[in-house]
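A.B. asks: quick one: sequence and predicted model below, then my questions.
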Amino acid sequence: MHIGLIGLGRMGGNMRERLRQRGIEVTGYDRNPEVSDVASVDALIEALPTPRIVWAMVPAGEITDAVVTELGEKLSAGDLVIDGGNSRFTEDERHAAQLAERGVRFVDVGVSGGIWGLENGYGLMVGGAADDIAELMPVFDALRPEGPRAEGFVHAGPVGAGHYVKMVHNGIEYGLMQAYAEGFELLEKKELVHDVAGSFKAWQRGTVIRSWLLDLMVRALDEDDDLSEIEGYVDDSGEGRWTVEEAIANAVPMPVIAASLFARFESRQDDSSAMKAVAALRAQFGGHAVKQA
């Protein structure tokens, strides 16, 4: 199987490598010529067998809009576009309709795994037509973690469903990180506790709160045991806001996720130990930038 991949940044580059390691041929394009396999989108399209499959792994919003528009103008009927970025689910519906005018198919994929996906695999949440998903299963199986397919992949529903599930996933992620972060701040403030980093490490086995995020928190503390090297400034990339907006629209109470979103807003006003912990966690799992203290 041979696919095109547009966007070879932190995740896209690793996805290309994981696919190749598992027998999927990939032609990648990126604006950075040092990592790109071809010089242009036209060259990428020319390199692919028909019907072409092109996976876009670029930032949501204007950049994804531009890529989808360009592909819609250059691909042929029967070709297939995958949006693997963090687009809002309502944008998927618009992009699918836009491409359908040219007979081009569309699938949305929420991808989780961050900078660790090359080694561990990516959790995949997919939306689209059943026939299109079946055609793409060799790609999804190459990207997902080892083990039962159902524990790393879901065909969640029609177009938009994949990104909707990823949106909720990221909202939950906000709440989990905030809980670890608030625990870190309380432990740090209490003079009775002399080893905060060791306390987190002691939770890694046998406790009910062990998780991959906890492992990443321990890793962050191993690198900077009081997180003094970074500011407690935490950005949000949209999914948390969208989750809270959907909660309001559907009358679903989400006090934890809403509070974690507001805590990120608060982090931009003053420095706090809790928000240092959230910033450190985002850097650990996703390679997101942090502000140095």
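C.D. replies: Right, received. Where do you want to start?

A.B. asks: use CA for all of it now, contacts and neighbours both
C.D. replies: Will do.

A.B. asks: and the host helix or strand of L176, what's buried?
C.D. replies: Element membership for L176 (DSSP states H and E) is helix 161-189. For helix 161-189, a neighbour-count test (16 or more other CA atoms under 10 Å) marks 161-172, 174-178, 180-182, 184-185, 187-188 as buried.

A.B. asks: for the residue nearest to V41 when sequence neighbours are not counted, give its distance to S76.
C.D. replies: Distance criterion CA to CA, 6 or more residues apart in numbering; nearest residue to V41, sequence neighbours excluded, is Y29 at 6.7 Å. Note on Y29: its distance to S76, by CA to CA, to the nearest Å, is 19 Å.

A.B. asks: what of Y122?
C.D. replies: For Y122 relative to S76 (CA to CA), the value is 29 Å.

A.B. asks: neighbour-wise, which of Y29 and S76 wins?
C.D. replies: Y29 (26 against 17; other CA atoms under 10 Å).

A.B. asks: what's near enough to touch the more buried one?
C.D. replies: The contact partners of Y29, by CA atoms under 8 Å, 6 or more residues apart in numbering, come to 4-8, 35-41, 44.

A.B. asks: what packs against the worst-scoring helix or strand of the chain on mean pLDDT?
C.D. replies: Of all helical and strand segments in the chain, the minimum by mean pLDDT, DSSP states H and E falls on helix 273-286, at a mean of 85. Packing partners of helix 273-286 (3 or more CA pairs under 8 Å, 6 or more residues apart in numbering; DSSP states H and E): helix 161-189, helix 212-223, helix 255-267.

A.B. asks: so which of those is nearest I133?
C.D. replies: Nearest to I133, of all the helices and strands packed on helix 273-286, is helix 161-189, at 11.5 Å by CA to CA.

A.B. asks: tell me the angle of the strand ranked longest in the chain relative to helix 161-189?
C.D. replies: What stands out as the longest strand in the chain, according to DSSP state E, is strand 105-112. Using axes from the mean of the first three to the mean of the last three CA atoms, to 10 degrees, one finds that strand 105-112 and helix 161-189 are set 10 degrees apart in direction.

A.B. asks: what's the following helix or strand after strand 105-112?
C.D. replies: Past strand 105-112, the next helix or strand by DSSP H and E is helix 117-120.

A.B. asks: what residues of that next one count as buried?
C.D. replies: Across helix 117-120, burial judged by 16+ other CA under 10 Å covers 117-118.

A.B. asks: so where do the strands sit in the stretch 1-150 of the chain?
C.D. replies: 2-6, 25-29, 53-56, 80-83, 105-112, 123-127 (DSSP state E, counting those that start in this stretch).

A.B. asks: note down every partner strand of the longest one and its orientation.
C.D. replies: Read it as strand 105-112. If you go by DSSP bridges, strand 105-112 pairs up with strand 80-83 (parallel), strand 123-127 (antiparallel).

A.B. asks: in the last one, what counts as buried?
C.D. replies: Buried residues in strand 123-127, defined by neighbour count with 16+ other CA under 10 Å: 123-127.

A.B. asks: can you put those in TSV and add distance to A247 and pLDDT?
C.D. replies: Putting these into TSV (distance: CA to CA, whole Å; pLDDT from 0 to 100) gives the following:
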residue	distance to A247	pLDDT
G123	23	97
L124	23	98
M125	20	98
V126	21	98
G127	20	98
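
A.B. asks: which one of these is nearest to D215?
C.D. replies: So of the buried residues of strand 123-127, ranked by how close each gets to D215 (CA to CA), first place is G123, at 17.7 Å.
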